[in-house]
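>>> Fold the following and give me the result.
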Amino acid sequence: MQKRGKRSSLNRRYGVAGLCFLLPALLVYLAFVVIPFFDSFSLSFFHLIGFSARSFVGTNNYLNALSDKVFLLAIRNSVYLGITSSIISVIVGVLLAWFLLYVGRRWGAMYRTILFSPSMIPAVITALVFAFIYEPENGALNAMLNMFRYLFGVPPAQIAWLTNKATALGSILFVSAWKQVGLTMVLCFAGMQGLNLSLVESARLDGAGDFQVFRRIILPLIMPFVQLSAIFALMSGLKIYDTVVALTGGGPAKATTVMPLWILQNSFSFNKYGYGAAMSMIFVLIVLVGMILVKRMIKGESYEQ
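Next up is the predicted model:
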């Protein structure tokens, strides 16, 4: 009984000490995340333009947002970028992680650094680099395509990738997926390194090939890492803002407008704070639904090894 009493008092001391260490972070989180979120939620039910007084309008802001054609287009664009870029980045990232298993340590570390580097570059810098690549007259992409056209005897063309409605959103999608592949590759490669090699060796003794080992053993065992990568990629695609601003600014004719961009424009350019708060709450709901669907679709289970 005396030992139990000492142990419980020691646990209480550790708990108090841990709470004291966490308290500054909790206060910062409360001041800059929790309180602003509930204030925005409250503001979404009011009409507020500029510095005028708040007037309660109920759900009118939400009804106006759901009937706003530009906002509905922004939802479609954000969902398209989030889903498509996450699918591409997860598939390519998992395959790259699998290929890196067959590369030696020395070269593997170099390849991992190179492939992960796009994730470390700020999004604005990445967008500016791709703005030069997509440039119609002197861009690298058109130059490469015209070289292939010349080989096949087709006259050269100058495609305006970022000012054409048919190609602008796809161009942004490529940049978003390219930037997310590295993180997926690193996470899945870390999961593959933690696997029990005896499972792979026993499968090879039974006559399984490389692809069968990957599909039947490696991929099911790293599903928690795939799930985490898919959530990160989906959130990054849904929240994309700076890349769109740097590449197209939401054009042409608002064809590449995304939810964060339209929310910020209404809130701080048009000074419609209540309306912007309502759209931001809808945006938060879409992100939460997306995360729940990813967790349901990709089961991140743990396995006994």
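>>> Make sure residue 90 is actually in contact with residue 225.
No. Using C-beta atoms under 8 Å, residue 90 is not in contact with residue 225; the gap is 10.2 Å. Any C-beta I mention is one placed from the backbone N, CA and C, and that applies to glycine too.
>>> quick one, which of those two is more surrounded?
Taking other C-beta atoms under 10 Å, residue 90 and residue 225 do not tie; residue 90 has more neighbours (26 against 22).
>>> Poorly predicted segments of the stretch 51-200 of the chain, please.
104 (pLDDT under 70).
>>> need the helices for it, in chain order.
60-66, 69-100, 105-120, 123-133, 140-151, 165-193, 197-205 (DSSP state H, counting those that start in this stretch).
>>> quick one: which of those is nearest residue 283?
Proximity to residue 283, assessed across the helices of the stretch 51-200 of the chain by C-beta to C-beta, is greatest for helix 69-100 (8.0 Å).
>>> from the middle of its chain, how far away would that closest one be?
8 Å (C-alpha atoms, centre = their mean, to the nearest Å).
>>> again, but for stretch 250-261
With C-alpha atoms, centre = their mean, you get 18 Å for stretch 250-261.
>>> Quick check: end-to-end length of it?
When the termini of stretch 250-261 are compared using C-alpha to C-alpha, to the nearest Å, they are 8 Å apart.
>>> and it, average pLDDT?
Average pLDDT, stretch 250-261: 92.
>>> which parts of that stretch are buried?
250, 254-261 (16 or more other C-beta atoms under 10 Å).
>>> that older thread, closest to residue 271 out of the helices of the stretch 51-200 of the chain?
Among those, the nearest to residue 271 by C-beta to C-beta is helix 60-66 (14.1 Å).
>>> Which of the residues in stretch 116-134 are classified as buried?
Under the neighbour-count criterion of 16+ other C-beta under 10 Å, stretch 116-134 has 116, 118-119, 123, 126-127, 130-131, 133-134 buried.
>>> about what we covered before: make JSON lines from the buried residues of stretch 250-261 and add distance to residue 270 to it.
Formatted as JSON lines, the buried residues of stretch 250-261 follow (distance: C-beta to C-beta, whole Å):
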{"residue": "250", "distance to residue 270": "14"}
{"residue": "254", "distance to residue 270": "14"}
{"residue": "255", "distance to residue 270": "20"}
{"residue": "256", "distance to residue 270": "19"}
{"residue": "257", "distance to residue 270": "14"}
{"residue": "258", "distance to residue 270": "17"}
{"residue": "259", "distance to residue 270": "16"}
{"residue": "260", "distance to residue 270": "15"}
{"residue": "261", "distance to residue 270": "13"}
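>>> Of those residues, which is the nearest to residue 11?
Closest to residue 11 out of the buried residues of stretch 250-261 is residue 260 (44.2 Å), distances taken as C-beta to C-beta.
>>> hmm, who's touching the helix or strand hosting the closest one?
According to DSSP states H and E, residue 260 maps onto helix 259-264. With C-beta atoms under 8 Å, 6 or more residues apart in numbering as the test, helix 259-264 has contacts from 70-71, 74-75, 77-78, 238-241, 244-245, 250, 276, 279-280, 283, 286.
>>> Only the buried subset of the residues you listed, as a ChimeraX command please.
Paste this into ChimeraX to select the buried members of the contacts of helix 259-264, with burial taken from 16+ other C-beta under 10 Å:
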select :71,74,75,77,78,238,239,240,244,245,250,276,279,280,283,286
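>>> So what touches stretch 73-88?
By C-beta under 8 Å, 6+ apart, the surrounding residues in contact with stretch 73-88 are 169, 172-173, 176-177, 180-181, 230, 233-238, 240, 254-262, 282-283, 286, 290, 294.
>>> Return the set of buried residues in it.
Neighbour-count burial for stretch 73-88 [16+ other C-beta under 10 Å]: 73-75, 77-86, 88.
>>> what does stretch 288-303 give?
Buried residues in stretch 288-303, counted by 16+ other C-beta under 10 Å: 290, 294, 298.
>>> Can I get it in CSV, CA atoms only?
Coordinates of each C-alpha in stretch 288-303 appear next as CSV, following Å, rounded to 0.1, in the frame of the first residue of the first chain:
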residue,chain,number,x,y,z
LEU,A,288,-13.2,18.0,-42.0
VAL,A,289,-15.4,15.9,-44.3
GLY,A,290,-12.4,15.3,-46.5
MET,A,291,-10.3,14.1,-43.7
ILE,A,292,-13.0,11.7,-42.4
LEU,A,293,-13.5,10.2,-45.8
VAL,A,294,-9.8,9.6,-46.3
LYS,A,295,-9.6,7.9,-42.9
ARG,A,296,-12.6,5.7,-43.8
MET,A,297,-11.4,4.9,-47.3
ILE,A,298,-7.7,4.2,-46.4
LYS,A,299,-7.6,2.0,-43.3
GLY,A,300,-4.5,2.7,-41.3
GLU,A,301,-4.4,-0.5,-39.2
SER,A,302,-1.6,-1.9,-37.2
TYR,A,303,-0.3,-5.4,-37.8
